[in-house]
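Asks: Here is a sequence together with a model predicted from it:
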Amino acid sequence: MERFLKWLLPALIVVEIVLVRGGVLSLGQAVAIVVAIEGGIALIAARQAIVAVRRFRAGRRDGVDPWTAAEDALTVVFPRVMARFIVMEPRVWICLIRWVTRRYHYGPDDFPYHAGSILGIFLVVILFTTPVEIILFELLIPWAWLRWILLILAIYAVVWAFGLYASLVVLPHRLEPEGLRVRYGVLNEAVIPYDRIVGLEEEQRKTPDGREGLIFPEGETGVAFLSIGGRTHLRIEVDEPVRFRTFTGPSRPINVLSVAANHPDRLGAALRERLPSRRRDDPDPSERRAA
C-alpha cells in the first residue's frame, strides 16, 4: 500500500497535465476532472505529510541522526533514490558554507581522511577548464536561451564539486557511542558497531584500479575499500556484515573493510580503546589463522 501511494501522487500530477494540456476533453469536463484530481492530490499529500512527520519523529526518538531520519521520512512520498538526492542537496550546500567560513573543528573523536583526495586535483582542473567551456558556449551556440541554461548548469556543477570536496573535509570519521561512523563525504556512510569488530590492523593498501570512494573489488565477496587517492590505511574485520548507505540504497554486505585516514595510528589506537574487553584482548585474525 505504501509503495502504491508513493507513486500515486506523481501519477496524478502527470494525469492532470495531460488532461489540461491535451485538449481531449471539453472545458467543463476538464474543470471537473481537474478539481477532483486536485482534491485527491491534496488529501494524499496531507496524509503522506502526516506519515512522514511521524516517521521523522520516530527516527529521532530512536537516536537516528537528523539527515537519515529526514531521508527515511521522505521515502513515504518519494522513491528512495529521490529522497536521498533531496536530502543530499542541502547537506552539500551546508558543508560548502562550513568549509568556506571555517565553521568546523575536529574533536577528540573525529578523524579526518581527506588528505590526498583526487577531488582536490579535480577542483584545480575544473577551475581552469570551466571558463574555457563558458567561452566556447558563447562562441559556438547561437541560441541565447541555451547558452544561459548551459551557463547555469556549468556553475552549478562547479559549486556541487566544491561542495562534495567540502563534505570530505567537514564530515570526518567519528567514534560514536554505538560504533565507528565511517564516511566518504555525503556519498557513503556506515556505522560499524564496536562489538562486531573482530580484527583491526594498520595496513596500507592500494585499490585495484586506483579509484576513490567506496569500492568493491571484483572476485571478492564481503570485501570493500573506502579509499582516498586510491589508498587505504586501516583494515577492519567484523563478524556480522555491515552495509553502507549509498546514493542508490544500501550497499552489498561487507565483512572486511579497508578505510583511509589521515592518521591511521591514532584512529586505530582510539578504536581499540572502544572495543569490548573480550574483543580488545583477542589476537589478530591473521595470528589466529597462523595458529
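Replies: On my side now, so go ahead.

Asks: measure stretch 209-224 end to end?
Replies: Terminal residues of stretch 209-224 lie 13 Å apart, using Cα to Cα, to the nearest Å.

Asks: what comes up buried for it?
Replies: Applying a neighbour-count criterion of 16 or more other Cβ atoms under 10 Å, one finds 212, 213, 214, 215, 223, 224 buried in stretch 209-224. Where you see a C-beta, it was placed from the backbone N, CA and C, and this is true even at glycine.

Asks: Specify which member of the residues you listed is nearest to residue 245.
Replies: Residue 245 has its nearest neighbour among the buried residues of stretch 209-224 in residue 214, at 10.0 Å by Cβ to Cβ.

Asks: Could I get the buried residue list for stretch 66-79?
Replies: By neighbour count on 16+ other Cβ under 10 Å, the buried set for stretch 66-79 is 67, 69, 70, 71, 72, 73, 74, 75, 76, 77, 78.

Asks: In helices only, show me those residues.
Replies: 67, 69, 70, 71, 72, 73, 74 (DSSP state H).

Asks: circling back: take the buried residues of stretch 209-224 and keep only those in helices.
Replies: If you go by DSSP H, those have nothing in helices.

Asks: elements contacting the host helix or strand of residue 159?
Replies: Following DSSP states H and E, one finds residue 159 within helix 144-170. With contacts defined as 3 or more Cβ pairs under 8 Å, 6 or more residues apart in numbering; DSSP states H and E, the packing partners of helix 144-170 are helix 80-100, helix 118-140.

Asks: between those helices, which one is nearest to residue 262?
Replies: Nearest to residue 262 among those is helix 118-140 (13.2 Å), distances taken as Cβ to Cβ.

Asks: pLDDT score assigned to the residue lying closest to residue 71 once chain neighbours are set aside?
Replies: Distances taken as Cβ to Cβ, 6 or more residues apart in numbering place residue 87 nearest to residue 71, at 4.5 Å, with adjacent residues excluded. On pLDDT, residue 87 comes in at 86.
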